[in-house]
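Chemist: Quick one: sequence and predicted model below, then my questions.
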Amino acid sequence: MELTALLFYAAVPVALLATSAGLAHAYNRLRSGYTRIENDRQSYLEVLEASNDALFVVNFVNGRIYQANDMAATMLGYTREQLARLTIFELHPASYLHLSAERIADAWESKGLIYEDIPLLHADGRVIPVESSTKVTSYRGYPAIILFARDITERLELKAKVSAQQAIVHQQNQDLLSSIRYAKRIQQAVLPSGDALQDLILGSFVLHRPKDIVSGDMHWFGERDGRLVLIAADCTGHGVPGALLTLIGASIFQELVHERGLTRPSELLDNARTVLASTLGTDEEESGPQDGMNAAVVSLDREARKLTYAGAFAPLVLVRQGELLEFKGDRMPVGHTSNEVKAFEQVEVELLPGDRIYLFSDGLQDQFGGPNGKRLRSSGLKQWLLETAMLPIDDQYQAISDRFRMWKGREEQVDDVLLIGVEIS
C-alpha cells in the first residue's frame, strides 16, 4: 500500500512536466502560425500599398474602411486618417448606396468582382468615375473586402470622343449613301430599262446586277430609220466613277443616233471615241489606264434579218440551233489609248428565225464561285448560254440569273454584271 502511494506521488511531477511540455509546444506552434499569418498579411498589405490604383480594405458587414493607401487619399482628396474614419458607402453618391451594397454582397458571394457602374466622391463633391475590382479576405479576424479603384475619367473622355467621331462618320456615311442612292435614281432615269427594250423587240431581256448601288456598266438602245441600235458597255471602274462615265456615254450615243442619225456600229464607236476623249481630256503624266469604255454595238435590221456589229474589247455571241458563234471585234477601247488609233471594223451577219444574240460586260465571266471558288471565265458563260438557249427568252433570263446567284454563293461580287439577250423572230 505504501509502495503504491509512493509510486503515484512520484508519477505526478512527471505527468505535469509532460503536459507542460506539450502545452509549450502547442503554444509555440500557435505563436509561429500567428506570426507567419501576421507577416504574410503585412507583406500583402505592403504589396497593396505600392499599387498604382486606389486601395481600400473594407469591413464586409458595416463597410468601415480599415485601411486605405496613399493613392486612394490622393484620388479623393482626403488624408489616410480621414478615410479610416469613414465607410465605403460615404464615398459613393447617395443615389448609388443601394447599388453599392449589392455590389459588396455580390463580391463576397463570388469571391471577387469587377464593375464600373459606381463612381466615387471626391472630398470637394466631384464625382469620379472608377473601375472597381474586389477581392475577399479577412482583416484581424474580421471578414473584409479589398477594393481596388482606378480613375477612368480619361478613358471615358476618350471613349466619348471616339463615339462622337463614330457618330460623325456614321452620319457622313448616311449622307454619302443618300447621295449615291439619289445618283442611282438619276442613272436609272437616263439609262433605258429592260421593259423599254421589250417595247422595241418583244423577245429580249436585260440582266443588270451592279456591284455597288450604282453601276459602271451601261446598256443603251434606240431606234432610227428602221434600225434598232443595241449597245452594251463596260466603263472604267465601277461605283460612282463608273456611273458618271455611263451617263456621259449614254448622252454621247443619244446624240450620235438621234441627232446625227448614225446607226452604223463602226461609225458610232469611232465618233464616240473622239467625243469621249475630247470630253474627258487627258493627263500626259498619268501612267495608269485612261478613262473610257469597252463596248459592243449592234445595228439590227429586223425586216431584212441582218445584223451589223462592231466591238471595242467587247464580243458578240450568236447561238443558232445549238451552236455558238463568237465575234470578238477590235482590241481597242472607246477613249484614250496609247496604241495606234485606227477605225473600228464591223461585220454583217445574216440572221435566221430563232437566232439569239448576246452582248455583255466581263462581270459574269470574272465572278469567283462554284464548288472550287474559281472564275466562271468566258467558256463557262458560253456554256450557260448554250444550255439555256432552248428555253423561252424570259425563262432563259431567269435561269441565268439563278445560275449567277448560285455560282456566286457567299463570294463577294467582283464587278458589275450586264447581259443583253435578243431573240430574232
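Modeler: Good, I have the coordinates. Numbering: from 1, shown residues only.
Chemist: which element follows the helix or strand harbouring residue 272 toward the C-terminus?
Modeler: Per DSSP states H and E, residue 272 falls inside helix 265-280. Going down the chain from helix 265-280, the next helix or strand is strand 292-301, by DSSP H and E.
Chemist: Quick check: next helix or strand after that next one?
Modeler: strand 306-312.
Chemist: Send me that next one as PDB with only the CA atoms.
Modeler: The C-alpha coordinates for strand 306-312 follow below in PDB (Å, rounded to 0.1, in the frame of the first residue of the first chain):
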ATOM      1  CA  LYS A 306     -29.400  41.500-140.900                       C
ATOM      2  CA  LEU A 307     -27.100  42.400-138.100                       C
ATOM      3  CA  THR A 308     -24.100  44.700-138.200                       C
ATOM      4  CA  TYR A 309     -21.700  44.500-135.300                       C
ATOM      5  CA  ALA A 310     -18.600  46.400-134.100                       C
ATOM      6  CA  GLY A 311     -16.800  45.900-130.800                       C
ATOM      7  CA  ALA A 312     -14.200  47.600-128.700                       C
END
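Chemist: For the helix holding residue 272, give the mean pLDDT please.
Modeler: The average pLDDT within helix 265-280 is 93.
Chemist: Repeat that for stretch 361-373.
Modeler: Mean predicted confidence for stretch 361-373 is 95.
Chemist: List the buried residues in the helix holding residue 272.
Modeler: Across helix 265-280, burial judged by 16 or more other CB atoms under 10 Å covers 265-273, 275-277, 280. Backbone N, C-alpha and C define where each C-beta goes, glycine included.
Chemist: Also stretch 78-92?
Modeler: Under 16+ other CB under 10 Å, the buried positions of stretch 78-92 are 78, 83, 86, 88, 89, 91, 92.
Chemist: Just to check, the third one is in contact with residue 65?
Modeler: Yes. Judged on CB atoms under 8 Å, residue 86 makes contact with residue 65 at a distance of 5.6 Å.
Chemist: what are the ranges of the strands in the stretch 1-150 of the chain?
Modeler: 54-59, 65-68, 112-115, 120-121, 127-128, 130-139, 142-151 (DSSP state E, counting those that start in this stretch).
Chemist: Of the ones you listed, which is nearest residue 402?
Modeler: Among those, the nearest to residue 402 by CB to CB is strand 112-115 (52.9 Å).
Chemist: Not counting that closest one itself, show me its contacts.
Modeler: Contact with strand 112-115 is made by 103, 106, 107, 131, 132, 133, 134, 135, 136, as judged by CB atoms under 8 Å, 6 or more residues apart in numbering.
Chemist: That one pairs with which strands, parallel or anti?
Modeler: The strands that strand 112-115 pairs with in its sheet are strand 130-139 (antiparallel) (by DSSP bridges).
Chemist: Show me the domain layout of this structure.
Modeler: Following automatic domain parsing, the chain resolves into domains at 2-155, 181-423.
Chemist: show me what contacts residue 175?
Modeler: If you count contacts by CB under 8 Å, 6+ apart, residue 175 has none.
Chemist: Helix or strand for it, just tell me which one.
Modeler: Taking DSSP H and E as the definition, residue 175 sits inside helix 153-190.
Chemist: Could you give the separation of that helix from the chain centroid?
Modeler: 14 Å (CA atoms, centre = their mean, to the nearest Å).
Chemist: so where's the stretch 151-300 of the chain shaky on pLDDT?
Modeler: Where the stretch 151-300 of the chain drops to pLDDT under 70, the residues are 282-289.
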